[in-house]
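[1] sequence-free structure coming up:
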C-alpha cells in the first residue's frame, strides 16, 4: 500500500514539473501561438510525458484485465458444472439416457441373435450335407425309410406309445403336481393349503361338533370317557377320565388341518416301510383299530345315527373326525388345567398332542413334574425351549419309517415336537389371515415362532 502511494506521488511530481516548464517556455508567446503552429520545447516535453502516462495506464488496465479473466472463467465453469448436474437430474435427461441404453442393449441383442443364427445355420448346413450324402448312397432314401418303407406298423410299438401317452405321462404329471402341492406340508416349509381348504369346506360340521362338546360340558359338568395309553411296560392301558375343559374350535380346526394335508402320500410312505401297519383315515388320521373306543367316548355329543359301523368309512365322516381329534387332545388339556398352564402353554400342548402317541397326557405330566423344565418366562410354565432342545431325532432302532421318512420330513429336527409345532404354526397364521376363524385369546404366537427358529437340529 505504501509503495503504491509513493509511486503516485512521484508521477504527480513529474507531471507538475513538466507543466511548469511548458508555462515558462510559453510566456509572452500567446500572440505568436495564434498565428504560428509551431510548439515550444516545453509544450512538446509536456505532451510527450502525458502520452507516456496514457500508454502506461493502458498497459496497467490490460494487466488487470488479464489477471481477472481466469477468475471469471473459473466462476463461469463452476456455474456451468452446477447447471449440468442439475440438468442431469431432470426427467427428460434420464428418459433420454434410458432410451439410449435400451437402444444399445437392443442392438447388442440383435448382434448376438445374428451370431447365433449364423452358428445354427452352419450346423444345419452340415446336417443337410450329411442327409444328402446318405440319400445319395441309398438311392435318395434315408436308412429309416428303407427299413420301415414296406413293413407294417409294429403293434407292440404302437401299444407302448399309447401306454406312455395315456397312462404313464398323465400319472407322472399328477404325481409331480401332487408332490409340488403337498411338499411344503411334508417338509414343514410352509402351510398345508390342501388341509386348510378341506377344513374350510367342512367348517360348519366342525364348529357344530365342537359346540355340542362344549355345551355338554357346560350343562352336565363333564363327559366321562376312557383314556387309553401305553404304560411303562409297553402295555396298552385304559383309565376312566372326565372331559371338563371346553375346547377352542379354531385350535381344533388347525389341528385337523395339519392331519388332513396329505394322507395319501404319507400312507404310501408308511405302507412301503411298514406294510403290516394299518393306515390312518379321515381328517384326523385315526387308525381303524381305535374306532371302537372312540365311538363309545363320543356318543354323548355326536349323533352316530346313519354313520357306518365300518371304521374305514366312519372315520372319513367330518363329525367323527372332529370328535376323534377332541378325544386326542382333550386329555392333555385336562393335565394343563390341573397345573394352571398359560394360554400359550395350552396352544403348544394342542399343537404337539394332535399327532397322537408322540406327545400325550402322560408325557406332558412327566414334563410338568420335572424341575429341569420349570420356566422363568411368565409366558409359559414350561421351559419349552429346553424341552425342544433335549429331544433327539429317530435312530435306526426306531424303525426304517421313522429313521428315513420322519427324520427327512423333520429336516433333521425331532418329528414329534419341532416338526408338529412348525406345521401347526404355519397353518395357524393362514387361519389368522383369513379372518373367518376366531383365534384363541392370550396366545403369544411370537413365542411359538421363536421356539421354532431357535431349536437346533436334533441328533439321533
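    Received, thanks. The structure displayed is predicted, hence computed values, not measured ones. Residues are numbered from 1 along each chain as shown.
[2] mind telling me what element residue 226 is part of?
    strand 223-230 (DSSP states H and E).
[3] for that strand, name the packing helices and strands.
    helix 203-220, strand 236-243, helix 291-298, helix 361-368 (3 or more C-beta pairs under 8 Å, 6 or more residues apart in numbering; DSSP states H and E). The way it works is simple: take the backbone N, C-alpha and C, and place the C-beta from them, glycine included.
[4] which residues of the stretch 301-450 of the chain score low on pLDDT?
    Counting by pLDDT under 70, not a single residue of the stretch 301-450 of the chain qualifies.
[5] about what we covered before: with respect to residue 309, which of the helices and strands packed on strand 223-230 lies nearest?
    helix 291-298 (8.3 Å; C-beta to C-beta).
[6] avg pLDDT for the closest one?
    Per-residue pLDDT values across helix 291-298 average out to 90.
[7] for whatever helix or strand comes next after that helix, buried residues please.
    On the C-terminal side of helix 291-298, the closest following helix or strand by DSSP H and E is helix 311-314. Buried residues in helix 311-314, counted by 16 or more other C-beta atoms under 10 Å: 311, 314.
[8] mind giving me the packing neighbours of the helix or strand just after helix 311-314?
    The helix or strand immediately downstream of helix 311-314 is helix 318-338, counting by DSSP H and E. Using 3+ C-beta pairs under 8 Å, 6+ apart as the contact test, the elements touching helix 318-338 are helix 203-220, strand 236-243, helix 249-259, helix 291-298, helix 343-353, helix 361-368.
[9] same list (the ones you listed) but as TSV, adding distance to residue 335.
    Output for the helices and strands packed on helix 318-338, formatted as TSV (distance: least, C-beta to C-beta, whole Å):
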stretch	distance to residue 335
helix 203-220	16
strand 236-243	10
helix 249-259	16
helix 291-298	17
helix 343-353	8
helix 361-368	5
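[10] nearest approach to residue 444 belongs to which of the ones you listed?
    helix 343-353 (4.7 Å).
[11] in the closest one, what's buried?
    So, applying 16+ other C-beta under 10 Å, buried residues of helix 343-353: 343, 344, 345, 346, 347, 348, 349, 350, 351, 352, 353.
[12] do the same with stretch 294-312
    Counting neighbours by 16+ other C-beta under 10 Å, stretch 294-312 gives 294, 295, 297, 298, 301, 302, 311 as buried.
[13] and the spatially closest residue to the fourth one that is not a sequence neighbour, how far is that from residue 201?
    So that's residue 298. Nearest non-adjacent residue to residue 298, counting by C-beta to C-beta, 6 or more residues apart in numbering: residue 323, 3.9 Å away. Distance, residue 323 to residue 201, using C-beta to C-beta, to the nearest Å: 18 Å.
[14] same check, this time on residue 410
    29 Å.
[15] higher neighbour count, these two?
    For the pair residue 410 and residue 201, the greater number of neighbours falls to residue 410 (23 against 11), based on other C-beta atoms under 10 Å.
[16] pretty sure the more buried one contacts residue 418?
    Yes. The criterion here is C-beta atoms under 8 Å, and residue 410 meets it with residue 418 at 6.5 Å.
[17] tabulate the helices and strands packed on strand 223-230 (a markdown table), appending distance to residue 382.
    Below are those laid out as a markdown table (distance: least, C-beta to C-beta, whole Å):
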| stretch | distance to residue 382 |
| --- | --- |
| helix 203-220 | 25 |
| strand 236-243 | 21 |
| helix 291-298 | 27 |
| helix 361-368 | 6 |
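[18] for residue 113, find the nearest of those.
    Each of those has some distance to residue 113 by C-beta to C-beta; the shortest is helix 203-220, at 55.3 Å.
[19] mind listing what's buried in that closest one?
    Residues of helix 203-220 classed as buried by neighbour count (16+ other C-beta under 10 Å): 206, 207, 209, 210, 212, 213, 214, 216, 217.
[20] was I right to think residue 249 contacts residue 206?
    Yes. At 6.7 Å, residue 249 counts as touching residue 206 under the criterion of C-beta under 8 Å.
[21] what angle do helix 291-298 and the strand holding residue 226 make with each other?
    Interaxial angle of strand 223-230 relative to helix 291-298 (axes from the mean of the first three to the mean of the last three C-alpha atoms, to 10 degrees): 150 degrees.
[22] strands paired with strand 223-230, and their directions?
    Strand pairing for strand 223-230, determined by DSSP bridges: strand 236-243 (antiparallel).
[23] contacts for the partner strand next, please.
    For strand 236-243, contacts defined as C-beta atoms under 8 Å, 6 or more residues apart in numbering pick out 213, 217, 222-231, 293, 326, 330-331, 334.
[24] which of those residues count as buried?
    Buried among the contacts of strand 236-243 (16+ other C-beta under 10 Å): 213, 217, 223, 225, 227, 228, 326, 330, 331, 334.
[25] which one of those sits closest to residue 364?
    Minimum distance to residue 364 across the buried ones among the contacts of strand 236-243 is 8.8 Å, recorded for residue 331 (C-beta to C-beta).
[26] which one is the closest one nearest to, not counting chain neighbours?
    residue 361 (3.9 Å).
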